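> Attaching a predicted model along with its sequence, questions to come.
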Amino acid sequence: MEPLISFGIIFALLAALSSGIEKLVRKKIAININPMVFAFFFELIGAAFAFPLFILNFEFPQTIYAWPIIIASGILWAGVAITMTKSYKYLEASFIAPASRARIILVLIFSLIFLKETLNSTKLAGTLLVFGGLVFLSYKKGTNFAKLKEKGMIYLVLSIVIISIALIFNKFAINFFNPETYNFIIYMSASLFLFPWIISKGKESKKMIKSRFLFLIVIASVLSVLYNYFTLIAFKFAEANVIIPLTELSSLVAVFGGIILFRERKDMLKKIISTVIVVAGVILISLA
């Protein structure tokens with residue numbers, strides 16, 4: 001394994017840890033607010049947390065062609081927030097969790113087409129193992145697929161495609177921006193694009209600001225910024241189709257954090273088998 005790729009793997013694992021802890025924090029945010037309001041404040045708080053590093057490390061890109069990337073990325077991440085929250089309105093969470101893993105495969109395909117990244121049998125086998133292990137982990141027996149509404153499926157498919165494209169944009173953009181600059185701008189851009197959705201949501205905004213869960217919302221947003229920042233750094237050292245499957249280890253962090261913190265001991269055998277499959281995939285990817 002090349003030293004630079006090793007750095008990429010380390011930062012990808014740090015990103016997975018941040019995202020996994022964020023998932024645990026989100027479990028405690030049982031607040032009934034408008035999802036668009038939550039998404040806006042989530043992105044705005046993220047921008048505020050990313051701002052100090054942005055000020056200290058701001059660099060203008062060397063080409064004007066980099067700025068359309070920022071605009072497109074802000075729209076994409078705002079689109080992710082909207083479509084994902086909408087999908088939860090119509091679909092069962094037990095269906096969304098495994099289905100959303102399709103982004104691992106989409107990122108692999110998009111990275112080959114648009115970024116001209118490399119692929120070999122070891123990397124492909126590792127990616128499929130991570131994908132299969134995570135689907136097995138998050139799938140719940142008894143999900144009634146017949147009751148899934150068409151509108152919800154449209155939002156879910158859109159969210160999966162959009163987040164996959166957004167991740168490819170992040171990988172491409174790191175050629176023009178440093179992680180500190182890009183991280184702040186995409187959070188700020190996403191909050192600006194979401195702002196029109198909450199202009200008429202004054203009551204919901206006040207409810208969220210006064211909520212006893214506000215501190216946890218801030219923590220979740222900060223962890224999201226760390227996830228994105230570590231992922232951007234990882235992109236500087238390794239290909240997207242290596243980094244993204246590794247960051248999906250966040251699901252394992254969330255699961256075993258739930259076992260330790262919330263005593264979620266149900267389906268332990270399935271969790272252990274899934275972990276073995278995913279870890280095997282990660283090992284293959286790291287050796288590719």
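Done, it's in. Numbers count the residues shown, from 1 in each chain.
> tell me the SS of the residue lying closest to residue 106 once chain neighbours are set aside?
Nearest residue to residue 106, sequence neighbours excluded (Cβ to Cβ, 6 or more residues apart in numbering): residue 164, at 3.7 Å. Any C-beta I mention is one placed from the backbone N, CA and C, and that applies to glycine too. Secondary structure for residue 164, judged by DSSP: H, G, I helix; E, B strand; the rest coil, is helix.
> Would you mind confirming that residue 164 makes contact with residue 110?
Yes - between residue 164 and residue 110 there is a contact at 5.9 Å, judged by Cβ atoms under 8 Å.
> Between these two, which has more neighbouring residues?
Taking other Cβ atoms under 10 Å, residue 164 and residue 110 do not tie; residue 164 has more neighbours (24 against 21).
> tell me which element residue 116 falls in.
Using DSSP states H and E, no element contains residue 116; it sits outside every helix and strand.
> now the chain, which segments are flagged as low pLDDT?
1-5, 27-33, 88, 91-98, 140-150, 262-265 (pLDDT under 70).
> With residue 237 as the reference, measure out to the residue nearest to residue 106.
Distance of residue 164 to residue 237, given as Cβ to Cβ, to the nearest Å: 21 Å.
> go on, residue 154?
37 Å.
> Out of those two, name the residue with the larger neighbour count.
Legend: neighbour count by other Cβ under 10 Å for residue 154 and residue 237, higher for residue 237 (19 against 14).
> Once you drop chain neighbours, what's closest to the more buried one?
residue 8 (3.3 Å).
> what do you get for residue 53?
Using Cβ to Cβ, 6+ apart and skipping the chain neighbours, the partner closest in space to residue 53 is residue 180 (4.2 Å).
> Surely the one you found touches residue 56?
Yes - at 7.1 Å, residue 180 counts as touching residue 56 under the criterion of Cβ under 8 Å.
> Which neighbours do these two have in common?
Residues touching both residue 180 and residue 56 (Cβ atoms under 8 Å, 6 or more residues apart in numbering): none.
> quick one: which of those two has more around it?
Remark: of residue 180 and residue 56, residue 180 carries more neighbours, 21 against 8, as counted by other Cβ under 10 Å.
> Tell me the secondary structure of the more buried one, please.
Applying three-state DSSP: residue 180 is helix.
> and residue 47, how far is that from residue 195?
12 Å.
> out of the two, which sits in the more crowded spot?
Using other Cβ under 10 Å as the criterion, residue 47 and residue 195 rank with residue 47 on top: 21 against 13.
> Give the helix, strand or coil label for the more buried one.
helix.
> For the residue nearest to residue 287 when sequence neighbours are not counted, grab the count of nearby residues.
Nearest residue to residue 287 in three dimensions, chain neighbours excluded: residue 122, at 6.1 Å (Cβ to Cβ, 6+ apart). Neighbours of residue 122 under the rule other Cβ under 10 Å: 14.
> quick one: the helix or strand where residue 217 lies to chain centroid distance?
Using DSSP H and E, the element containing residue 217 is helix 214-235. The gap between where helix 214-235 is centred and where its chain is centred comes out at 10 Å by Cα atoms, centre = their mean, to the nearest Å.
> Give me the buried positions along it.
216-235 (16 or more other Cβ atoms under 10 Å).
> Ok, stretch 153-169 next?
By 16+ other Cβ under 10 Å, the buried positions in stretch 153-169 come out as 155-156, 158-169.
> Among those residues, which one sits closest to residue 69?
When the buried residues of stretch 153-169 are compared for distance to residue 69 (Cβ to Cβ), residue 169 wins out at 6.3 Å.
> was I right about residue 9 contacting residue 286?
Yes - counting by Cβ under 8 Å, residue 286 is a contact partner of residue 9 at 5.6 Å.
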